[in-house]
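1. Show me the folded form of this:
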Amino acid sequence: MAADSEPESEVFEITDFTTASEWERFISKVEEVLNDWKLIGNSSGKPLEKGIFTSGTWEEKSDEISFADFKFSVTHHYLVQESTDKEGKDELLEDVIPQSMQDLLCMNNDFPPRAHCLVRWYGLREFVVIAPAAHSDAVLSESKCNLLLSSVSIALGNTGCQVPLFVQIHQKWRRMYVGECQGPGVRTDFEMVHLRKVPNQYTHLSGLLDIFKSKIGCPLTPLPPVSIAIRFTYVLQDWQQYFWPQQPPDIDALVGGEVGGLEFGKLPFGACEDPISELHLATTWPHLTEGIIVDNDVYSDLDPIQAPHWSVRVRKAENPQCLLGDFVTEFFKICRRKESTDEILGRSAFEEEGKEIADISHALSKLTEPTPVPIHKLSVSNMVHTAKKKIRKHRGVEESPLNNDVLNTILLFLFPDAAAEKTLDGTTSTDNNNPPSESEDYNLYNQFKSAPSDSLTYKLALCLCMINFYHGGLKGVAHLWQEFVLEMRFRWENNFLIPGLANGPPDLRCCLLHQKLQMLNCCIERKKARDEGKKTSASDNVTNLYPGDAGKAGDQLGPDNLKEADKEKGEVGKSWDSWSDSEEEFFECLSDTEELKGNGQDSGKKGGPKEMANLRPEGRLYQHGKLTLLHNGEPLYIPVTQEPAPMTEDLLEEQSEVLAKLGTSAEGAHLRARMQSACLLSDMESFKAANPGCFLEDFVRWYSPRDYIEEEVIDEKGNVVLKGELSARMKIPSNMWVEAWETAKPIPARRQRRLFDDTREAEKVLHYLAIQKPADLARHLLPCVIHAAVLKVKEEESLENISSVKKIIKQIISHSSKVLHFPNPEDKKLEEIIHQITNVEALIARARSLKAKFGTEKCEQEEEKEDLERFVSCLLEQPEVLVTGAGRGHAGRIIHKLFVSAQRLTESSDEAAAMAPPEEEFKRMGSAEERRQNSMSDFPPAAGREFILRTTVPRPAPYSKALPQRMYSVLTKEEFRLAGAFSSDTSFF
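-> This is a model prediction of the structure:
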């Protein structure tokens, strides 16, 4: 049995010799891709319009295939066109050659300024390229090239695809392609020659014609005429006669007070180098026939001045150094630094000789120590200024990052009120150069969350940006910030308001640093008002009302527009001048305590009429116009109340977090309500003090009129009277209003505990400012710097009026408003915004460079000026611009002058001749007819010469179908390239 089983097992080892080879699999994969992309069958389309290769939309599809383990990428490039209805008719016509063969003869799109190299060389609207997938891979050997070309030919024949298929060979940088296109009975072979140097016999048209004719090998004796298109490109690199107009910033002029390139509060603008490096002039002869012109090694008729078509393109300098972009970029780099201010300026800044480090925070304790020094010298500000002197003493003049002249200039710019010889009165200064507050530019700070362009925060950001770039870098920034914090401390101590900040509570639409400064200003304002109140009598204080209070008095205080309306506005009628008592929370004077007891503060919490009868009213602001107390008929008086505490966004976040942590339990909700009713309790106490014998209903009628419901009822005598009662929510047992009313004592606002402790809040702000690292500071102020940069770009653009730049600026504003509204924007997104601003700056600099070179401002005729400006704007936006009138037009004459001037500079060794104005040089040469013989020397040797030769001849036999033949050649210093497309009839061959 074992012997019988052995032959059976060998049956499964049969080798199948019909299995496809790697080459056959590769061909199959190519065919599969062509089928997937639906490139099978006749390809037809309407004739190409002029300029469609540049203005049209090109798309591409890619796939990957492999030959054994070698990977290739297959890419389909095609011009997007509208579909036609002729497909059915064309399929019936057997003699119609493929669309790509017809495109070889099309003259509408020769020399496109921006297209794939195969489009430029062959004029194709659609083609497929097979290239090695890896950039380093290359098909080098001739046998492999032939194998790939055979694969392409078989795939095209099997599928019936009429789209040209190319294979990239040799290294990628050489851009070498071979390919094939097949149609019914016709075939076009795409061949290429690429050399480093131009052979001497092929440097002119006659030599190229010889190659073309020999390659065609036309059997007809009178060869059909060859159509020729020629383009010579000339490069202008020498701009010596046109100096770049951007002047470098004059740093020394800053201290002298002159208005130079650099001024605090104004950002610099412009490129430090010419952003236009080269001008390329392309002179084109689009339709020539062999025999009309002569171009050989002895003589040439191809004079650029006589060329019928001129077109110009400019080469832009890559990443030109731009002042505004560098300023913002360098400032942004501070955000990544980790050092604190003390580490940057040196830890020994506060060190005294032979003593331990004396920290400023210890200055408060010195106030209570026994000392022979007069008491007026022991203020915190004095301690700070003493430490400030020691900083300078230890740092030395040479080590100080900022010299005194620059520092004083900056401080006077930031605090213009300090320049006045009279005593500071705290008035804020306004800058007349800023846009009006209603304008769109002024309100950009709302979108960027920065600060108004006339504010102190905005100016500080610009100064720090300037210091960082020109005066000491990071150390200069730390030094100025330290001086700024000391100035804030000084102003708080001496009741001097901070200039450049809007009145009122912190504006939550601005950056946090701006809110902190506004909070400090609120503290200074209240402290100042309280200190002044100590010097005046109580009777005078009551008459000094805020403007908002006077307005309420003028309204006669109707029940519907009183306290509730004021609460909605966030303002309550009050006078801080009436705070004539000490700022302390408790009162130690015996007379005050007795007075409180005499007023029945400890009795009558519920405010009954008997208990309140002997109370003396206090803290009255003015009498209500209509309302009276319900129980005794006395007039109702509006009390002096405390303002609610202003808050910055970080304090609001802290408060919301605390309230959220209380949870949703009944106890937590009750505690949360009590925390939020501090202002309500204060107003109730003020109301009780101003209206002895009042009830909760009286308070509600003034404070929240909608919670007091009045109805008309008929009494016992038959008279219609108004009867009022509290709303349903006020009648809920133990609600917060009832509890607060029962707790409230009749205490006027001036004797209450302060809702807003300005001393504590000011110290918190000053501490917050003092601990900010330069990186934190840069993060806070970066929105202001971006805001300033956008305004600067808009201002400069308005002088040039470039439509494309306007669109980009709108995009920048939209992008920035989205990014900057987040608390901590990503660095990558911020870098994108700065990069966009730099690009716009470079665009405007290019426009100015071109206007200076073409002399748009010197044009006397309005029409010529408009034409030139239109020409310059097109140069900025389009890859290539046609010169109207070629060399005889206005722009053409200017371009000619530029080349003539550059040629004279290179040819002449005489400096005087080299520096002669181009206009005089041009006049000296005589008329155009006289200069014709010398015009060849007006231009440098052509940097590139391109020729396109076309004809239609029968190949390979005289009786074959006449098919298009084309050869493109380009001659430069670095390369010589021939790209030929030669068609042949395959019906009988």
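2. Check whether E191 sits in a helix, strand or coil.
-> strand (DSSP: H, G, I helix; E, B strand; the rest coil).
3. That one contacts E180, doesn't it?
-> No: judged on Cβ atoms under 8 Å, E191 makes no contact with E180 at a distance of 10.0 Å. Glycine gets a C-beta too; all of them are placed from N, C-alpha and C.
4. Tell me which of the two has more neighbours.
-> Legend: neighbour count by other Cβ atoms under 10 Å for E191 and E180, higher for E180 (19 against 14).
5. quick one: the nearest residue to T743 once chain neighbours are set aside from F70, how far?
-> Once flanking residues are discounted, T743 sits nearest to L681: 6.7 Å by Cβ to Cβ, 6 or more residues apart in numbering. In this view, L681 and F70 are 85 Å apart by Cβ to Cβ, to the nearest Å.
6. Equivalent analysis for G980, please.
-> Taking Cβ to Cβ, one finds G980 at 28 Å from F70.
7. And for S277?
-> Distance of S277 to F70, computed by Cβ to Cβ: 41 Å.
8. What of I844?
-> 50 Å.
9. Tell me which of these two has more neighbours.
-> Neighbours were tallied for I844 and for F70 using other Cβ under 10 Å; the higher tally belongs to I844 (23 against 15).
10. wait, isn't the more buried one in contact with E795?
-> No: counting by Cβ under 8 Å, I844 does not reach E795; the two are 10.3 Å apart.
11. Now E22. Nearest residue, chain neighbours left out?
-> A68 (4.7 Å).
12. I'd like to know how many residues surround that neighbour.
-> Look at A68: counted by other Cβ under 10 Å, it has 10 neighbours.
13. Now do the domain split for this protein, please.
-> Using the TED database, the domain parsing of the chain gives 26-81+96-218+955-985, 222-322+801-911+938-949, 647-755.
14. Can you check which of those domains gets nearest to L486?
-> domain 222-322+801-911+938-949 (19.2 Å; Cβ to Cβ).
15. on that earlier part again, next one: the residue nearest to E22 from P132, what distance?
-> When A68 is compared with P132 (using Cβ to Cβ), they lie 13 Å apart.
16. can you check G291 too?
-> Taking Cβ to Cβ, one finds G291 at 44 Å from P132.
17. Settle it for me: which of the two has more neighbours?
-> For G291 versus P132, neighbours defined as other Cβ under 10 Å are more numerous around P132 (19 against 9).
18. Thought V74 was touching that one, still the case?
-> No: using Cβ under 8 Å, P132 is not in contact with V74, being 11.3 Å away.
19. Strands of the stretch 701-850 of the chain, start to end?
-> 708-714, 720-726 (DSSP state E, counting those that start in this stretch).
20. Contacts for stretch 186-199 next, please.
-> 97-98, 100-101, 104, 122, 164, 166, 170, 174-182, 207, 961, 963-964, 971, 974-986 (Cβ atoms under 8 Å, 6 or more residues apart in numbering).
21. Now list the buried members of those residues.
-> Buried members of these, counted by 16 or more other Cβ atoms under 10 Å: 97-98, 100-101, 104, 122, 164, 166, 175-182, 207, 961, 963-964, 971, 976-985.
22. Okay, and which of those map to helices?
-> 100-101, 122, 207 (DSSP state H).
23. In space, what's closest to H787 - neighbours in sequence excluded?
-> Counting by Cβ to Cβ, 6+ apart, S450 is the residue found nearest to H787 once chain neighbours are left out, at 4.1 Å.
24. what's near enough to touch that neighbour?
-> Per Cβ under 8 Å, 6+ apart, neighbours of S450: 444, 457-458, 461, 510-511, 514, 783-784, 786-787, 820.
25. among those residues, which are in helices?
-> 444, 457-458, 461, 514, 783-784, 786-787, 820.
26. which one of those sits closest to R751?
-> For the ones in helices among the contacts of S450, the nearest to R751 is H514 (34.4 Å; Cβ to Cβ).
27. Could you give the separation of stretch 707-715 from the chain centroid?
-> 62 Å (Cα atoms, centre = their mean, to the nearest Å).
28. Also stretch 508-522?
-> 25 Å.
29. just use 53 as the starting number from now, easier for me
-> In the new numbering, first residue 53, that becomes stretch 560-574.
30. ok, and what's touching that stretch?
-> Residues contacting stretch 560-574 (Cβ under 8 Å, 6+ apart): 497-498, 501-504, 507-509, 540, 544, 549-550, 553-559, 698, 700-702, 704, 808, 810, 813-814, 817-818, 820-821, 829, 832-833, 835-836.
31. Give the buried residues for that stretch.
-> In stretch 560-574, counting by 16+ other Cβ under 10 Å, buried: 561-574.
32. try stretch 888-903
-> For stretch 888-903, the neighbour count (16+ other Cβ under 10 Å) marks 888-890, 892-903 as buried.
33. what do you get for stretch 124-132?
-> 124, 126-131.
34. Partner strands of the strand or helix carrying S125, with direction?
-> S125 belongs to strand 122-131 when assigned by DSSP states H and E. Using DSSP bridges, the strands paired with strand 122-131 in its sheet are strand 110-119 (antiparallel), strand 178-184 (antiparallel).
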